[in-house]
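Enquirer: give me the fold of what follows.
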Amino acid sequence: MSKDKNSKSYKPDWVPENAGKAFATQVVKGVNLKDVKKSEPAFNKRKHLEVDDYVKGVLDSDRVLLARTITLIESNSPAHNETAQQVLKGILPNTGNSLRIGITGVPGAGKSSLIETLGLYLIKNGHKVAVLAIDPSSSVTKGSILGDKTRMEYLSREENCFIRPSPSGGTLGGVARKTRETMLVCEAAGYDIILIETVGVGQSEITVRSMVDFFLVMMIAGAGDELQGIKKGVIELADALLINKADGDNKPKALLAKSDFAMALHYIQPATKGWQTGAYTCSALTGEGVKEMWEVVEKFRESTVQTGVFAERRKNQTLEWMIKMLEEKLLSEFYDNSVIKKEMDKISKKVLNGETLPVAAAEQLFELYRHSQRD
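Expert: This next block holds a predicted model:
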């Protein structure tokens, strides 16, 4: 077989003559590096954005700039925080026009599945949906999986949906410290429904309740004693209880659980003035009950807007936000104090060695801080 090595490709020497197409291997002629034109770097450094660029991008619903704005807000850098506050000031007139819904529940209740089914239903009916999914951060590595986009496979493909998984950062309640600011950004970008999915453990419900209009607590049936799920603390925060996975063989159990929860609700003060918290069933898998659940949410908004409770809650939440920010700032200032930094290790060692009680150590540190402020 003729092997013309001047051609662009040829058969290697070990291929038998007259092999035909039995051997598909081809040797390709090499490239002279001198003839290769130098291309632009594969990854160019991102363009630096000014405050006006962020504001315009958010107001234009530019998804890339929206994501970059949220990243800016979540940053702990003092320089970034200053820029973020200017951006928030610029978009503030365009915020407050959404319905904020908190969704929590025990792990395995199907929160992400419900959000996907509900989100697809809302988008089909002309809404723009933003999902802020808070993932728990590891207390060891400080990392988070951030897998909500993977769980919400179909919803994440929708043009009118924006999903932002954020790490809790170890903050109390498992809610990202900047979730409130992120909500404002999404509202300014035109998203009229904000869904906040919480970790669903510990004190997260209390934190989320303080930043949403409607609070939905998800339950599951068939996991043992149904009354174990009726914890007064979380029930008192709920505007609705939803028993998910009401399909197949589990449907009778879900209906029975609904009756148990509905009975318990009669003995508990509602979370929202003038609104009676109810228990409902649905299936995030089949979609059954999701439309009816949304009708409950719309009825809630209509009722609370008419009575003025909706606006009153928003005002109280704004005031609580200010107080939380003040508490964070004071705590940060305390730990950044030069005197505290100097004495913290010494006093901590005394506590560890049993030489000083924790209460006395805390008093000592606070007195040191007070004296440093006077000087």
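Enquirer: what's the domain layout of the chain?
Expert: 95-318, 336-375 (automatic domain parsing).
Enquirer: is it true that Gly287 touches Thr117?
Expert: Yes. At 5.5 Å, Gly287 and Thr117 qualify as touching, with contact defined as CB atoms under 8 Å. Yep, even glycine has a C-beta here, placed from its N, CA and C like the rest.
Enquirer: that older thread, can you tell which of the domains of the chain is closest to Val87?
Expert: Closest to Val87 of the domains of the chain is domain 95-318 (CB to CB; 8.0 Å).
Enquirer: any idea how far that closest one is from the chain center?
Expert: 12 Å (CA atoms, centre = their mean, to the nearest Å).
Enquirer: between Gly287 and Thr117, tell me which one has more neighbours.
Expert: A count of neighbours by other CB atoms under 10 Å puts Thr117 above the other of Gly287 and Thr117, at 25 against 14.
Enquirer: circling back to that earlier point, tell me which of the domains of the chain is the most buried.
Expert: domain 95-318 (a mean of 18; mean count of other CB atoms under 10 Å).
Enquirer: what's next to the helix or strand containing Lys350, contact-wise?
Expert: Assessed by DSSP states H and E, Lys350 sits inside helix 338-352. Outside helix 338-352, the residues that touch it by CB atoms under 8 Å, 6 or more residues apart in numbering are 334-335, 356-358, 361, 364-365, 368-369, 371-372.
Enquirer: for that helix, what is the average pLDDT?
Expert: For helix 338-352, mean pLDDT is 94.
Enquirer: mind checking how far the following helix or strand past it is from the chain centre?
Expert: For helix 338-352, the following helix or strand on the C-terminal side (DSSP H and E) is helix 358-374. Centroid separation for helix 358-374 versus its chain: 37 Å, with CA atoms, centre = their mean.
Enquirer: cool, stretch 328-348 as well?
Expert: 30 Å.
Enquirer: what's the first-to-last distance across that stretch?
Expert: Start-to-end span of stretch 328-348 (CA to CA, to the nearest Å) is 22 Å.
Enquirer: and the domains of the chain, which one is worst for confidence?
Expert: Across these, the lowest-scoring stretch is domain 95-318, with a mean of 84.
Enquirer: for that domain, how far is the first residue from the last?
Expert: 13 Å.
Enquirer: isn't Thr272 up against Val309?
Expert: Yes. If you go by CB under 8 Å, Thr272 and Val309 touch, sitting 6.3 Å apart.
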